[in-house]
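J.: with the sequence up front, the predicted model follows.
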Amino acid sequence: MFENLHYLLSLHGLVGASALLSFWIAATARKGGKRHITAGRIYLISMCLVLISTIPLILHFYFGGNIQRSITLLFLFFVVLSAIIMLFFSIRNKNSLSRHRTIMYKIYAIFMSAFSLLVLYQAWTNPLLVKKILLVGFASIGLIIGISMAQLAWAKKVDKQWWLRQHMNGAMVAFAATHASFFGLGLRKLMPALAGDWMHTVTQVSILVWLII
């Protein structure tokens, strides 16, 4: 299934480049200004297209028998979706916390935490150290997302700037999601002799560690 992925990967890279460019335009523009808002919208659209283009990849690995990789890609799908949720709905619901803390939001917070624990279990059972490190890094960012969303969902006291913190959390996750792949791809082109599992893990985890710190 989905044997010829060349055009799909090209589309994935194209919309990923659009996301990278629009991210930095939004990040460097005056917050709340027209340029920031327009670039932010382009970024969200680009990331939605990235998610759509990821679905055939997930199915490709699943039906090809690589279940673990399909689960990992599915998890990253929801990490990116989390960033989109935090970025978009924090602004849309900034004047109504009750409208933001819906039952679906609470379910999603629990889901992300549980899925992160599953990925952590995958890391524990994986025989390869390089894969263990990578999966622990992915699981860690997922747990941070799930726990932070759960804290907002059930907090009894929330200050008026909750939406800004949620938006910035989404921006940080978006930064990691947008830059990790391009960082790894760039290093593989610069140092092809070192390309492999360890380079992939180092590039991905270094971005995640920077994000957490």
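T.: Everything's here; your move.
J.: what average pLDDT does the host helix or strand of Leu49 get?
T.: Here Leu49, judged by DSSP states H and E, is contained in helix 34-63. Across helix 34-63, the average pLDDT comes to 89.
J.: before we move on, what SS does the closest residue to Ala114 other than its chain neighbours have?
T.: Leaving aside its sequence neighbours, Ala114 sits nearest to Gly146 (C-beta to C-beta, 6 or more residues apart in numbering; 7.8 Å). Every C-beta, even on glycine, is put in place using the N, C-alpha and C of the backbone. Of the three states, Gly146 takes helix according to DSSP: H, G, I helix; E, B strand; the rest coil.
J.: tell me which residues touch Gly146, please.
T.: Going by C-beta atoms under 8 Å, 6 or more residues apart in numbering, Gly146 touches 109-116.
J.: ok, and the most crowded of those?
T.: Met112 (25 neighbours; other C-beta atoms under 10 Å).
J.: so who does that residue touch?
T.: Residues counted as contacts of Met112 (C-beta under 8 Å, 6+ apart) are 78, 82, 142, 145-146, 149.
J.: low-confidence bits of this structure, can you list those?
T.: 1-6, 182-196, 200, 210-213 (pLDDT under 70).
J.: in it, which spans are helices?
T.: Secondary structure of the chain (DSSP state H): helices at 6-28, 34-63, 67-92, 97-100, 103-125, 129-154, 162-190, 197-212.
J.: pull the distance from the second one to the chain's centre.
T.: Between the centre of helix 34-63 and the centre of its chain there are 10 Å (C-alpha atoms, centre = their mean, to the nearest Å).
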